[in-house]
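S.K.: Kindly generate the corresponding structure for this input.
(one chain, ligands or ions: 1)
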Amino acid sequence: MEALILTIWGLFLLFILYFLVFQPSFSDVPFLPSSNSLIKDILQYFPLQEGKVIYDIGCGDARILLAAYKIQSKATYIGVEKNWFPFLLAKFKLWRIGNPPNIKIIRKNMFDLNYQDADFIYVYLLDSVLDKFLDKFQKELRSGTVLLSSSFRFSQKTATRVIDLPNKFGTIIRNLYEYHF
Ligand SMILES: C[S@@+](CC[C@H](N)C(=O)[O-])C[C@H]1O[C@@H](n2cnc3c(N)ncnc32)[C@H](O)[C@@H]1O
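M.R.: Residues are numbered from 1 along each chain as shown. Here you go, the predicted structure:
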């Protein structure tokens, strides 16, 4: 009897975990954070300069933004995340470094935010999600905004640069696609 109760509890907890991490019916992309071994290479393509406004749309646990902040603490970093689990992880990580005022994590559906103040946008989403964004970006982004996409690309916009990541062995991310708006 005890074994049965434990199994039921185990299954229930697994379900809750699965729901919190992936929220399958509400999410456009699951929470699959960029591999830590690639972050340094990815950040080489960020304009890490004072005053720049840098977004990670679908920021997960904000690991990219926090790593960027460690290099340049005087830019503004904005993460957008809809799912509670990665959002709370990101907030916890921010709290651990004293909640710097220039890092903001917004819990919102990424399609419901305006990105006109962005100098630079990083995304690790899906081809189909990028395509859903294209019209919005073309109307909204300032001329000169750069978007860097891990692994995925727009079907109707040509990348200005395709970067072949050197340390991709054992990771899902293979290329970065850079777009100028
Ligand atoms: C592949 S993960 C990338 C996480 C992070 N950018 C990184 O590179 O480590 C995609 C993230 O987008 C979030 N996401 C999916 N649909 C979303 C939506 N409609 N609005 C905001 N965030 C969303 C997921 O919860 C997940 O954390």
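
S.K.: ok, the closest residue to the ligand within the chain - contacts?
M.R.: The ligand sits closest to Gly58 of the chain, with a gap of 2.5 Å, by C-beta to the nearest ligand atom. (Each C-beta comes from the backbone N, C-alpha and C, glycine too.) Applying C-beta atoms under 8 Å, 6 or more residues apart in numbering, one finds that Gly58 lies in contact with 28-29, 80-82, 110, 123-125.

S.K.: Show me the subset of those that also lies near the ligand.
M.R.: When contact is defined as C-beta under 6 Å from any ligand atom, the contacts of Gly58 meet the ligand at 28-29, 80-82, 110, 124.

S.K.: so how many other residues sit close to Val123?
M.R.: 24 (other C-beta atoms under 10 Å).

S.K.: what does Asp119 give?
M.R.: 18.

S.K.: Numbering from 418 from now on, please.
M.R.: Sure, I'll start numbering at 418, so the last one becomes Asp536.

S.K.: Now the phi/psi pair for it, please.
M.R.: Asp536 adopts backbone torsions of phi -90, psi -30, taken as degrees, to the nearest 10.

S.K.: which residue sits closest to the residue nearest to the spatial centre of the chain in space, ignoring its chain neighbours?
M.R.: Per C-alpha atoms, centre = their mean, the C-alpha nearest to the average position across the chain is that of Cys476, at 2.9 Å. In space, and not counting its chain neighbours, Cys476 is closest to Gly496: 2.9 Å by C-beta to C-beta, 6 or more residues apart in numbering.

S.K.: What's the ChimeraX syntax to select whichever of the ones next to the ligand among the contacts of Gly475 are buried?
M.R.: Buried residues within the ones next to the ligand among the contacts of Gly475, by 16 or more other C-beta atoms under 10 Å, are selected in ChimeraX with:
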select :446,497,498,499,527,541
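
S.K.: Keep only those of the contacts of Gly475 that are in strands.
M.R.: The strands, defined by DSSP state E, take in 497-498, 540 from the contacts of Gly475.

S.K.: Take those residues and lay them out in CSV including pLDDT.
M.R.: Output for these, formatted as CSV (pLDDT from 0 to 100):
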residue, pLDDT
Val497, 98
Glu498, 97
Val540, 98
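
S.K.: Using a markdown table, please lay out those together with distance to Pro518.
M.R.: Formatted as a markdown table, the ones in strands among the contacts of Gly475 follow (distance: C-beta to C-beta, whole Å):
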| residue | distance to Pro518 |
| --- | --- |
| Val497 | 18 |
| Glu498 | 19 |
| Val540 | 24 |
